[in-house]
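Engineer: only geometry, no sequence info:
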């Protein structure tokens with residue numbers, strides 16, 4: 001990929017970045033190397049000042065034009081005709097990047113349960129190596145929600161002046177017991193699966209179905225379930241919401257693996273921007289970018305208060321709020337509100353939109 005062309009026009013391409021040097025992790029373990037799958041789309045200006053870097057959520061992938069199609073795409077807020085959009089599958093995820101089912105070069109077999117523990121800081125450092133590989137010196141906007149917001153905030157801290165704007169959606173600066181509790185209950189469901197512990201790609205699949213059902217309860221507000229999953233007829237069993245949760249669990253288990261889910265939720269739990277940096281407030285104060293932290297008024301998983309904490313803690317922060325019965329998932333659904341908040345943020349920063 002020639003990033004030095006006078007004016008580069010790129011249709012959406014899928015690429016692989018292979019880092020072959022040892023990669024030390026926060027846990028003290030070392031990956032012998034890693035792979036990140038990533039996509040690029042749009043126009044990279046000669047000044048390279050129009051890079052939009054998207055960080056996906058827990059079970060997302062490197063194709064944001066599919067799962068965020070109300071925000072990214074032709075004639076959308078982030079249009080490839082005006083922006084150069086990059087998104088990488090996070091380290092530990094099973095959509096093309098190194099994860100527990102990848103081959104361990106030391107053994108020649110999949111890692112399975114030997115895959116090392118990852119943190120959001122490890123994931124951000126891996127993304128930065130990809131940035132350097134692509135020759136991108138400055139990112140106009142870094143945007144991510146939930147786990148993607150955690151990784152994005154970690155990366156915003158380390159990028160310093162190389163980042164202009166950070167948009168952190170429905171996320172936090174440090175994981176609280178409520179989030180960890182939800183994740184732990186899901187991992188308990190996975191480990192209760194009789195197949196868990198076997199060195200098989202199918203290990204924990206039924207447990208993953210139950211874990212996803214638990215997660216959906218935290219992603220949606222009770223008002224949304226009452227609106228969308230209420231039964232019109234009187235029943236004793238076979239409720240509509242029961243079928244909905246079972247369907248969501250089965251759908252995820254068909255496209256994701258339990259070992260990656262375990263790895264990524266553990267990374268969410270360990271998220272703490274202030275670890276080793278003098279505490280949370282000191283770390284937030286060191287972020288140089290202009291930050292928009294967006295909360296959701298009825299988010300049960302990441303409270304709006306946690307987004308306000310980010311906005312008030314960084315030197316150049318502002319807060320926006322989505323009002324939605326969807327709860328946590330609103331950042332993936334409420335495109336009209338989100339576009340309004342983004343437009344207001346950029347205009348207040350003196351950036352034409």
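Structural biologist: Okay, I see it. Just so it is clear, the model here is predicted, and its values are computed rather than measured.

Engineer: what's the neighbour count on the closest residue in space to residue 173 that isn't next to it in sequence?
Structural biologist: Using Cβ to Cβ, 6 or more residues apart in numbering and skipping residues adjacent in sequence, the residue nearest residue 173 is residue 273, 4.6 Å away. For glycine as for every other residue, the C-beta is placed from the backbone atoms N, C-alpha and C. Residues contacting residue 273 under the criterion other Cβ atoms under 10 Å number 25.

Engineer: One more: the one 10 residues further on?
Structural biologist: Here the count is done by other Cβ under 10 Å, and residue 283 has 22 residues near it.

Engineer: can you map out the strands along the stretch 151-300 of the chain?
Structural biologist: 163-169, 290-296 (DSSP state E, counting those that start in this stretch).

Engineer: could I get the ones you listed as TSV with mean neighbour count?
Structural biologist: Shown next, in TSV, are these (neighbours: other Cβ atoms under 10 Å):
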stretch	mean neighbour count
strand 163-169	25
strand 290-296	27
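
Engineer: Nearest approach to residue 260 belongs to which of these?
Structural biologist: Among those, the nearest to residue 260 by Cβ to Cβ is strand 163-169 (22.1 Å).

Engineer: so who does residue 137 touch?
Structural biologist: If you count contacts by Cβ atoms under 8 Å, 6 or more residues apart in numbering, residue 137 has them with 48, 162.

Engineer: Am I right that it sits in a strand?
Structural biologist: No: using DSSP: H, G, I helix; E, B strand; the rest coil, the secondary structure at residue 137 is coil, not a strand.

Engineer: before we move on, back to that, okay if I get the strands of the stretch 151-300 of the chain as TSV plus mean pLDDT?
Structural biologist: Formatted as TSV, the strands of the stretch 151-300 of the chain follow (pLDDT from 0 to 100):
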stretch	mean pLDDT
strand 163-169	98
strand 290-296	98
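
Engineer: Any idea which of those gets closest to residue 232?
Structural biologist: The nearest among the strands of the stretch 151-300 of the chain, by Cβ to Cβ, is strand 290-296 at 28.3 Å.

Engineer: Lowest-scoring secondary structure element of this protein by mean pLDDT?
Structural biologist: Within the chain, no helix or strand scores below strand 8-19, which has a mean of 79 by mean pLDDT, DSSP states H and E.

Engineer: In contact with residue 345, which residues?
Structural biologist: Here residue 345 is in contact with 165, 167, 290, 292, 318, 320 (criterion: Cβ under 8 Å, 6+ apart).

Engineer: Can you tell me the element it falls in?
Structural biologist: Residue 345 belongs to helix 335-348 when assigned by DSSP states H and E.

Engineer: That helix: which residues count as buried?
Structural biologist: Residues of helix 335-348 classed as buried: 337-339, 341-342, 345-346 (neighbour count, 16 or more other Cβ atoms under 10 Å).

Engineer: any idea how far residue 145 is from residue 49?
Structural biologist: Counting by Cβ to Cβ, to the nearest Å, the gap from residue 49 to residue 145 is 24 Å.

Engineer: between the two, who's got more neighbours?
Structural biologist: Between residue 49 and residue 145, counting by other Cβ under 10 Å, residue 145 is the more crowded of the two (29 against 13).

Engineer: Quick check: the spatially most distant residue from the centre of the chain vs residue 226, distance?
Structural biologist: Residue farthest from the centre of the chain, counting by Cα atoms, centre = their mean, is residue 234 at 39.9 Å. Taking Cβ to Cβ as the measure, residue 234 falls 16 Å from residue 226.

Engineer: would you turn the strands of the stretch 151-300 of the chain into a markdown table with distance to residue 215?
Structural biologist: Formatted as a markdown table, the strands of the stretch 151-300 of the chain follow (distance: least, Cβ to Cβ, whole Å):
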| stretch | distance to residue 215 |
| --- | --- |
| strand 163-169 | 17 |
| strand 290-296 | 16 |
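
Engineer: Looking at the ones you listed, spot the one closest to residue 269.
Structural biologist: Judged by Cβ to Cβ, the one of those that comes nearest to residue 269 is strand 163-169, at 18.1 Å.

Engineer: Strand 290-296 and the closest one, what's the angle between them?
Structural biologist: Calculated by axes from the mean of the first three to the mean of the last three Cα atoms, to 10 degrees, strand 163-169 forms an angle of 10 degrees with strand 290-296.

Engineer: Which elements pack onto strand 163-169?
Structural biologist: Applying 3 or more Cβ pairs under 8 Å, 6 or more residues apart in numbering; DSSP states H and E, one finds that strand 163-169 contacts strand 139-145, helix 147-159, strand 290-296, helix 335-348.
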